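# Pasting the sequence and the predicted coordinates here, then a few questions.
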Amino acid sequence: MAAGPGSDERPGPRHRAGPTDIADPVIRQEVRRAFVWLGMAALLALAVFLSQSLLVIFGGIVFAALIDGGARLLGRVLPSPRGWRVAIVLIAAVLFLAWTARFAGSQIAQQAAELPATIQTQFFRALDWLRGHGIVINVGNVQELAPQAMGGIGQVTRAVGGLIGAFTTLFLILVLGIYFALEPRLYRRGVAWMMPADRRAYFEGTAQIMGFKLRRLLFGRLLGMTVEGVATWLMLQVYGVPMAALLGLITGLLAFLPNIGAPISGFIMVMVGFSGGFDMGIYTIVVYLVVQTVDGYLIVPMIARKTADLPPALVLAAQLIMGVLFGILGLALADPLVAMIKVWLERGAARHDPAAAGMDPDLAEPGPEPAPDAA
């Protein structure tokens, strides 16, 4: 029998207010908002804690975009299932690396061993030339510090053949990239599933546009790397500049880092050039200027109109920040990361202002993506 109004019985445990029950709706709403902000702060702290792992995952996405771009190009001439086209792209890349190591590996390794001593000699020659022209260099024990600095350059040149210390990171990026490239829609659907239902279509469209922009950006980078590396090697080889193959390889690899890679490769090239005399040094300067002019004023602008179109100052700032935080990996991935953030922000602006979508046709809602086997 239920207790009457005058009964001394108290409500049972099921009817008592718990510590999380808030009767006031205003306070309850504010508490919910506080928990949302606390959750966002916790997610931010977790992202900072896992930043290295997240960067490796993003590196896998970038590598997957390279594979995906090659598979899509191959699909225009070879109507085969996507998995076969991805396998062909990977096999072609492995065969190219094997050919390079077989026919040019020993020569490049020998040149890489000679490069630190050559740059060190030129460093001391430059100091003597400055002293001979009355310029006093007061840098303390420069004679003792210079060999250590040149040893750092030797480490950089040895890294061309392979970064032993970063082998695990590189291996993870390669494996993740292959998995992402084989079934990109599977992983996109998995991420979209964690979002509210009304946001999934928007995320799918944004992810497709990001992939499209990333493929074109990387295609432009690869084209620029190839042109700079081959042109530098041929022009230096014609004049007989020492280590022409190694300098071409370094120039091509560093071309992946816009704004930063070119001055580094140019400095190394000029230092090696002056080791063969004044005329050879002037020739290397001319080669550097010609290659960078052709790439910077003809190839890059032509490709930039159809890629992410990133402001150089923004890319340089991102490279400096990412390089300090994450080293060489952050430096290499700064450009693609800025491109993805740019697409995300532009898509958000176009969503709130439909008229803004007309500024860039790539920001419009994409149509249904073809099936993986027909992509």
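Good, I have the coordinates.

# where's residue 218, which helix or strand?
helix 200-239 (DSSP states H and E).

# In terms of secondary structure, what does that helix contact?
Helices and strands touching helix 200-239, by 3 or more CB pairs under 8 Å, 6 or more residues apart in numbering; DSSP states H and E, are helix 51-75, helix 184-193, helix 244-254, helix 261-274, helix 278-294, helix 300-304, helix 312-352. (Glycine included, C-beta is placed from N, CA and C.)

# Kindly calculate the angle that the longest one makes with helix 51-75.
This means helix 312-352. Calculated by axes from the mean of the first three to the mean of the last three CA atoms, to 10 degrees, helix 312-352 forms an angle of 80 degrees with helix 51-75.

# Hey, what's the angle from helix 312-352 to helix 200-239? Just curious.
Going by the same axes, to 10 degrees, helix 312-352 makes 160 degrees with helix 200-239.

# pLDDT (mean, whole number) over helix 312-352?
The predicted model assigns helix 312-352 a mean pLDDT of 82.

# Tell me the helices and strands packed up against it.
Using 3+ CB pairs under 8 Å, 6+ apart: helix 312-352 touches helix 51-75, helix 200-239.

# mind putting the ones you listed in a markdown table, mean pLDDT and distance to residue 347 included?
Formatted as a markdown table, those follow (pLDDT from 0 to 100; distance: least, CB to CB, whole Å):
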| stretch | mean pLDDT | distance to residue 347 |
| --- | --- | --- |
| helix 51-75 | 87 | 17 |
| helix 200-239 | 87 | 5 |
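
# Same list, the ones you listed, but as a markdown table with mean neighbour count and distance to residue 349 please.
Below are the helices and strands packed on helix 312-352 laid out as a markdown table (neighbours: other CB atoms under 10 Å; distance: least, CB to CB, whole Å):
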| stretch | mean neighbour count | distance to residue 349 |
| --- | --- | --- |
| helix 51-75 | 19 | 23 |
| helix 200-239 | 19 | 12 |
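
# tally of neighbours for the residue nearest to residue 266 when sequence neighbours are not counted?
Closest residue in space to residue 266, ignoring its immediate chain neighbours: residue 288 at 4.4 Å, by CB to CB, 6 or more residues apart in numbering. Around residue 288 there are 22 other residues, counting by other CB atoms under 10 Å.

# same check, this time on the one 5 residues further on
The number of residues packed around residue 293, counting by other CB under 10 Å, is 10.

# distance of it from residue 236?
Counting by CB to CB, to the nearest Å, the gap from residue 293 to residue 236 is 16 Å.

# can you check residue 321 too?
Using CB to CB, one obtains 34 Å as the distance from residue 321 to residue 236.

# In contact with residue 318, which residues?
334-335, 337-338 (CB atoms under 8 Å, 6 or more residues apart in numbering).

# For these, which two are the farthest from each other?
Across the contacts of residue 318, the longest distance by CB to CB is 7.2 Å; it joins 335 and 337.

# who has more neighbours, these two?
When residue 335 and residue 337 are compared for neighbours, residue 335 comes out ahead with 24 against 16, by other CB under 10 Å.

# so what's the residue nearest to that one when sequence neighbours are not counted up against?
Nearest residue to residue 335 in three dimensions, chain neighbours excluded: residue 315, at 5.6 Å (CB to CB, 6+ apart). For residue 315, the contact set (CB under 8 Å, 6+ apart) comprises 258-259, 334-335, 338.

# and what of residue 254?
260-262, 264-265.

# Can you tell me which of the helices and strands packed on helix 200-239 is most buried?
helix 244-254 (a mean of 23; mean count of other CB atoms under 10 Å).

# on that earlier part again, rebuild the contacts of residue 315 as a markdown table, extending it with distance to residue 191.
Supplementary listing: the contacts of residue 315 in a markdown table, determined by distance: CB to CB, whole Å:
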| residue | distance to residue 191 |
| --- | --- |
| 258 | 29 |
| 259 | 32 |
| 334 | 23 |
| 335 | 23 |
| 338 | 21 |
